[in-house]
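A.B. asks: Provided below for reference: sequence and predicted model.
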Amino acid sequence: MTIIITHWCIGVMQSDDLLGAACQSRQLQFGITLFISIFINALLLQILGLSMESR
């Protein structure tokens, strides 16, 4: 999921249209925030899953 988002953002950044300019500012910040939050959520789910398995 996160890989798709980052690849999409990189693809948009490489294009020279208005979307590229938008992605470099606000959407890039949003993408980074989303990437970090998804990563943390996945990490928490993995930790919860491991703790559930050990019980």
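C.D. replies: In hand now; what should we look at? Numbering: from 1, shown residues only.
A.B. asks: got any ranges where this structure has weak pLDDT?
C.D. replies: Residues of the chain that meet the criterion pLDDT under 70 lie in 1-24, 27, 55.
A.B. asks: now the strands for this structure?
C.D. replies: Assigned by DSSP state E, the chain shows no strands.
A.B. asks: what's the longest helix in it?
C.D. replies: Using DSSP state H, we find that the single longest helix of the chain is helix 28-54.
A.B. asks: And it, what's buried?
C.D. replies: By 16 or more other C-beta atoms under 10 Å, the buried positions in helix 28-54 come out as 31, 34-35. C-beta here means a position set from N, CA and C on the backbone, and glycine is covered the same way.
A.B. asks: and it, what does it pack onto?
C.D. replies: helix 2-14 (3 or more C-beta pairs under 8 Å, 6 or more residues apart in numbering; DSSP states H and E).
A.B. asks: returning to that earlier point: in a markdown table, list the buried residues of helix 28-54 along with distance to E53.
C.D. replies: Shown next, in a markdown table, are the buried residues of helix 28-54 (distance: C-beta to C-beta, whole Å):
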| residue | distance to E53 |
| --- | --- |
| G31 | 32 |
| L34 | 28 |
| F35 | 27 |
